[in-house]
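# Below is the structure, and that's it, no one-letter string:
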Ligand SMILES: [Zn+2]
């Protein structure tokens, strides 16, 4: 959602620097699998010089016929993570949600529907404030808009933990929510489509993961009410469609609606969900992307990247390859304007390809990347693209974003303070947003639940290991129970060991993502190098009869490299080691050469040291930064 105004509204004031049922569901969800900057000129102080680039066409896009069906996801309960950092984020954020008072959660919806509404206000964006003035931009901005995301996160948490307490909370909240559905909620909200989309997600997740027998009927009543107050079709961010309302009513995100509509349709919610999916596709935007044009400049970042997942669901549901082309091209455009961390969208805006906006943002803003929401959208998009194309570059992108952005998010606090922006300013700080219960408090627990479904995929022939993080995967391969344990201290160390446990010897393929940066990567079985090709930027495939106790060793050499912010500023670089960006802890720009940076030495405790003209500099991964000032990029000399 937008917490940075395109102009006129004060910014954050104090800011300165083997579950077979799951598998059959996946199959059921893929019925058609066989078919085959207006820029931030004002505040960034930029000129219109880059405008000519806006219409720049990308290189022609190949659209080879996809020969294989999409990879399947595993169920939430099939992957057990043993990475403390990942698990702490899930446990911590879910425990905040579990402690939320249910009357407080329902209060804005009850008030807006004219029903009795007891309980304390949660505060922040969550509350209903009839006299809300968008100039104040805090309490009452988006009443109850995170409710659906929280239901979704709890439903996924239940799928992971099988905690009856979590299940009962989801069932209870859905019942109470069902009683509170009203036209008033949508009529009075600035975000009817956004809220409806998140509620849809929560209800379909309740149906899928919690087995709430009423979820789809509650969804139907939700849809009836919402449709009476939503635009007829997708309306662009910033376009007025409700007479007599101020500009804050134009920040809704109706073009993100189709993804969950298509999923609801495939889960059996009814034909109208397919029709709604089609109706809310942002065809103008997607047509341009599909044609190879960058239609990103000036667009609200999170919601437009999120809308590419709607394009992917349109492709998977309708079989129209145009939508796949749009999503692939959109991802490429996004990649070209991403920071070294994988984050994108300074001041929540996408940029013109080839512009200097992202470089300028290193001095002009601290709102560099809307981290939990942006990551949520990014992971969904890359997960779809990975499944459909089997191209490991999407896994590379997921890994980069995970380790360098959202995994280092500050934890959600019980009073609603949440991590919102990663700060890539030359004078960067990791801070909480001033806003309580913002959009990012809705997506963080969803992201934390989803790490496991990002980590592994499968097809009929075997398994794809996409993310390297300590974990155990369990599934059924051709009738044999298989468990695959992954052990490492990755990403600090590039040595990863896998161990198979099988009820009986089983022929299958184990595919390992070899990151594009991993020059010299090697794979061994029982410490003997394999003959299979191990090529950076591909999956290395080991097909054999696997036996109980078989061990695979993967070695990904962690070389240091420098990545420039853009082609025009080759001296402004981030230091990267394997998948990890190393952030210099510094209050001033040091005098340092490329060679000095590249010679960073590990000093223990997740710290690296380099020499600069001014003395020793410490560098750490994003996950290790607390409150100290850092600079994502340095200017290098020589
Ligand atoms: Zn957000």
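Cool, the structure landed. All values derive from a computational prediction rather than experimental measurement. Numbers count the residues shown, from 1 in each chain.

# Make sure residue 224 is indeed in a helix.
Yes - according to DSSP: H, G, I helix; E, B strand; the rest coil, the state of residue 224 is that of a helix.

# Give me the pLDDT value at it.
If you check residue 224, the pLDDT there is 98.

# count of residues packed around residue 247?
Using other Cβ atoms under 10 Å, residue 247 has 15 other residues around it. No exception for glycine: its C-beta is placed from N, CA and C like everyone else's.

# what does residue 245 give?
Neighbour number of residue 245 under other Cβ under 10 Å is 11.

# hang on, it is in a strand, isn't it?
No - checked against three-state DSSP, residue 245 lies outside a strand; its state is coil.

# and the helix or strand containing residue 524, which residues are buried?
Using DSSP states H and E, residue 524 maps to strand 522-525. Across strand 522-525, burial judged by 16 or more other Cβ atoms under 10 Å covers 523, 525.

# Note down every partner strand of it and its orientation.
strand 528-529 (antiparallel), strand 551-555 (antiparallel) (DSSP bridges).

# Can you tell me which of these is most buried?
Greatest average neighbour count among those goes to strand 551-555 (a mean of 19), per mean count of other Cβ atoms under 10 Å.

# what mean pLDDT does that strand have?
Here the average pLDDT along strand 551-555 is 98.

# what about the strand holding residue 524, distance to the chain center?
Remark: strand 522-525 is offset 31 Å from the chain centroid, using Cα atoms, centre = their mean, to the nearest Å.

# Just the residues contacting it, thanks.
The contact list for strand 522-525 (Cβ atoms under 8 Å, 6 or more residues apart in numbering) reads 512, 529-530, 532, 534, 540, 542, 544, 550-555.

# farthest-separated two in those residues?
Greatest spacing in the contacts of strand 522-525, by Cβ to Cβ: 544 and 555 (19.3 Å).

# mind checking how far the closest residue in space to residue 481 that isn't next to it in sequence is from the ion?
Nearest non-adjacent residue to residue 481, counting by Cβ to Cβ, 6 or more residues apart in numbering: residue 503, 4.8 Å away. Here the criterion is Cβ to the ion, to the nearest Å. By it, residue 503 lies 44 Å from the ion.

# Then residue 67?
In terms of Cβ to the ion, residue 67 sits 38 Å off from the ion.

# what about the strands in the stretch 301-450 of the chain?
Under the criterion DSSP state E, counting those that start in this stretch, strands of the stretch 301-450 of the chain are mapped to 369-370, 417-419, 421-422, 432-436.

# Least confident of these, on average?
Minimum mean pLDDT among the strands of the stretch 301-450 of the chain: strand 432-436, a mean of 94.

# and the stretch 301-450 of the chain, which residues reach the ion?
Selection of the stretch 301-450 of the chain residues close to the ion by Cβ under 5 Å from the ion yields 370, 373, 439-440.

# Looking at these, spot the one nearest residue 311.
Looking across those and measuring by Cβ to Cβ, the closest to residue 311 is residue 373, at 18.0 Å.

# can you give me the helices for the stretch 1-150 of the chain?
For the stretch 1-150 of the chain, applying DSSP state H, counting those that start in this stretch gives helices covering 20-29, 41-44, 84-98, 102-112, 147-161.

# Of those, flag the one that's most buried.
For the helices of the stretch 1-150 of the chain, the highest mean count by mean count of other Cβ under 10 Å goes to helix 147-161, at a mean of 26.

# That helix: what's the following helix or strand?
helix 164-180.

# for residue 299, what are its contacts?
237, 285, 349-350 are the contacts of residue 299 under Cβ under 8 Å, 6+ apart.

# So which of these are in helices?
Per DSSP state H, helices hold the following members of the contacts of residue 299: residue 285.

# remind me which residues of this protein are low pLDDT?
3-66 (pLDDT under 70).

# repeat that for 50
5-65 (pLDDT under 50).

# who in it is up against the ion?
370, 373, 439-440.

# out of these, who has the most neighbours?
residue 370 (33 neighbours).

# surely it meets residue 438?
No - Residue 370 is not in contact with residue 438 according to Cβ atoms under 8 Å; the separation is 9.4 Å.

# Identify all residues paired with the closest residue in space to residue 526 that isn't next to it in sequence through a beta bridge.
Of all residues not flanking residue 526 in the chain, residue 551 sits nearest, at 5.7 Å (Cβ to Cβ, 6+ apart). Following DSSP bridges, residue 551 is listed with bridge partners residue 499.

# swap in the one 10 residues further on?
Bridge pairing for residue 561 (DSSP bridges) gives the partners residue 576.

# give the contact list for it.
517, 575-577, 598.

# Kindly provide the distance from residue 224 to residue 257.
From residue 224 across to residue 257, the span is 15 Å (Cβ to Cβ, to the nearest Å).

# Those two: which has the busier surroundings?
Neighbour count, other Cβ under 10 Å: between residue 224 and residue 257, residue 257 has more, with 27 against 11.

# can you list the residues that contact stretch 379-395?
Around stretch 379-395, the neighbours that count as contacts under Cβ under 8 Å, 6+ apart are 66, 68, 70-73, 259, 305-306, 308-309, 312-313, 315-316, 324, 327-328, 330-331, 397-398, 401-402, 447, 450, 453-454, 457, 464, 466-467, 513-516, 537-539.

# how many other residues sit next to the nearest residue to residue 367 once chain neighbours are set aside?
Nearest non-adjacent residue to residue 367, counting by Cβ to Cβ, 6+ apart: residue 421, 4.5 Å away. Other residues near residue 421 come to 27 when the count uses other Cβ under 10 Å.

# is residue 421 in a bridge, and if so with what?
Here residue 421, judged by DSSP bridges, has bridge partners residue 370.

# Just want the residue of the stretch 201-350 of the chain that's nearest the ion.
residue 302 (6.2 Å; Cβ to the ion).

# any idea how far residue 531 lies from residue 538?
15 Å.

# Looking at those two, which is more packed in?
For the pair residue 531 and residue 538, the greater number of neighbours falls to residue 538 (17 against 8), based on other Cβ under 10 Å.

# State the phi and psi torsions of that one.
Dihedral pair for residue 538: phi -140, psi 170, per degrees, to the nearest 10.

# so what's it up against?
392, 514.

# 10 Å - rerun?
390-393, 511-514, 516 (Cβ atoms under 10 Å, 6 or more residues apart in numbering).

# can you tell me the distance between the two ends of stretch 590-600?
14 Å (Cα to Cα, to the nearest Å).

# Begin at 216 from now on, thanks
New numbering, starting at 216: the last item is stretch 805-815.
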